[in-house]
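Engineer: I'd like to go over a predicted model; first the sequence, then the structure.
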Amino acid sequence: MGSWTTPRCAVFQIFQMRISFATQRCLTVTITNFSLYEVIMKTRSLGQSGPDVSVLGYGAMSFTNFYGPATVEGSRQILDACLDMGITHIDTADVYGMGHSETVLGNWLRDRKGPVPFTIASKVGITADPERRLNNTPHHMTQALDASLSRLGIEALDLYYVHRRDTRFEIEDVTETMAGFVKAGKIKAIGFSEIAPSSLRRAHAIHPIAAVQSEYSLSTRSPELGLVQTCAELGTSLVAFSPVGRGLLTDRPHGLDAVRGMAWMVQNPRFCEPNFSHNMAYNAAFRALAADMGTAAASLAIAWLLHQGDHILPIPGTRSVAHLKEATIGAELELTQEDLGRIESVLPVGWAHGDRYSVGQWAGPERYC
């Protein structure tokens, strides 16, 4: 399950922690009515050549109002918590709040001073231009990269993704543009988001692709139709966004009233009736299973995902430090084959009602089978 990093450990209070989850060599657990749970974060390689990053990263789209109101103060608290919990992989994008997410991270780094404590990934390719929502032209990508570096206040990105493919250009040509950024010293590694396994192979033939970012969780299993396997074969990390299913795999899923206040979520088929009620029934069963196993639903969802391959790196996003702690605990849980079987009996492949995107939301991601 990867190597271990020693500089930091996180100490959490967890209620009624089961002894079966307290057997790892780097945990200290006192089993009482409430438990003291000390975590030393494990690491995995990001791509073929590293660096090593924490097995759990953080998705900084939550610094924006995408899933509800976010504040700069709250976002800075999340970054402080990441540092304390040993989370070293921060994922952002120029389109998140139209630069706001990168700005929050950059200002936090400037105020903190000293060496950058995170491996930072950002993305390019989605624009605010209604006439050209996807733009992979060398000119746009060069300008966007320079703007991202300026907002972040760093000289080079550790990882830079093509956020969405612009189908006017062959992926080989786009990869050549990205490779030019590597040669210029502006980025250290190349990634793509939401591409098919066949596209990954084409890009990788031009330049090593360190990571592919895709939605992957117990509620979205489509990457198992070749992407999980191709990434493993090529040494490419599969960076899993929405690893707790936009709340469907947690103990506190969004209610319909909350969904109605989120412009993107209210259009998502899984959060529209009658699909929503069906999904809530599965959520209730999963929550009950997690409680029986002595952990939070989100922790169990993260643990399941990490057990699908050593090249998988979940990046949950949240505005809550408490929720982030739950995800971090999931990074430490060891599941047996019996545990995995119990999980999949409650949430079998294909259980989620409704597509993961609406017709409009599917603009950009590549479908494959």
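Structural biologist: It's in.
Engineer: Show me the strands in this protein, by range?
Structural biologist: Using DSSP state E, the strands of the chain run over 3-4, 10-15, 28-29, 34-39, 42-45, 52-54, 58-59, 89-91, 119-124, 159-162, 190-193, 209-215, 237-241, 312-314.
Engineer: Mind checking these for the one nearest to Leu248?
Structural biologist: strand 209-215 (11.9 Å; Cβ to Cβ). Heads up, the C-betas are built off the backbone N, CA and C, glycines and all.
Engineer: Confidence-wise, which of the strands of the chain is weakest overall?
Structural biologist: Lowest mean pLDDT within the strands of the chain: strand 28-29, a mean of 36.
Engineer: Does His163 touch Ser122 like I think?
Structural biologist: No - with contact defined as Cβ atoms under 8 Å, His163 does not reach Ser122; the gap is 9.0 Å.
Engineer: can you redo the strands of the chain as CSV with mean neighbour count and distance to Asn283?
Structural biologist: Formatted as CSV, the strands of the chain follow (neighbours: other Cβ atoms under 10 Å; distance: least, Cβ to Cβ, whole Å):
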stretch, mean neighbour count, distance to Asn283
strand 3-4, 12, 33
strand 10-15, 15, 20
strand 28-29, 15, 28
strand 34-39, 17, 25
strand 42-45, 20, 28
strand 52-54, 23, 27
strand 58-59, 26, 21
strand 89-91, 28, 25
strand 119-124, 26, 30
strand 159-162, 27, 30
strand 190-193, 26, 27
strand 209-215, 25, 17
strand 237-241, 26, 19
strand 312-314, 25, 19
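Engineer: On the pLDDT front, check the residue nearest the centre of the chain for me.
Structural biologist: Nearest to the mean C-alpha position of the chain, by Cα atoms, centre = their mean, lies Ile315 at 2.3 Å. Per-residue confidence at Ile315 stands at 98 (pLDDT).
Engineer: what residue ranges in this protein score low on pLDDT?
Structural biologist: Counting by pLDDT under 70, the chain has low-confidence residues at 1-39.
Engineer: Try it again at 80.
Structural biologist: 1-40 (pLDDT under 80).
Engineer: need the longest helix for it.
Structural biologist: Ranked by number of residues, the top helix in the chain under DSSP state H is helix 275-292.
Engineer: for it, which positions count as buried?
Structural biologist: Using 16 or more other Cβ atoms under 10 Å as the burial criterion, the residues of helix 275-292 that qualify are Asn275, Phe276, Asn279, Tyr282, Asn283, Phe286, Arg287, Leu289, Ala290.
Engineer: Give me the buried positions along stretch 81-101.
Structural biologist: So for stretch 81-101, counting by 16+ other Cβ under 10 Å, buried means 81-83, 85-97, 99-101.
Engineer: thought Gly330 was touching Ala298?
Structural biologist: Yes - contact criterion Cβ under 8 Å: Gly330 and Ala298 qualify, at 6.5 Å.
Engineer: ok so, going back, what sits in contact with each of His163 and Ser122?
Structural biologist: Ala93 (Cβ atoms under 8 Å, 6 or more residues apart in numbering).
Engineer: End to end on stretch 115-129, go ahead and measure it.
Structural biologist: 36 Å (Cα to Cα, to the nearest Å).
Engineer: Likewise for stretch 289-299?
Structural biologist: One end of stretch 289-299 sits 12 Å from the other (Cα to Cα).
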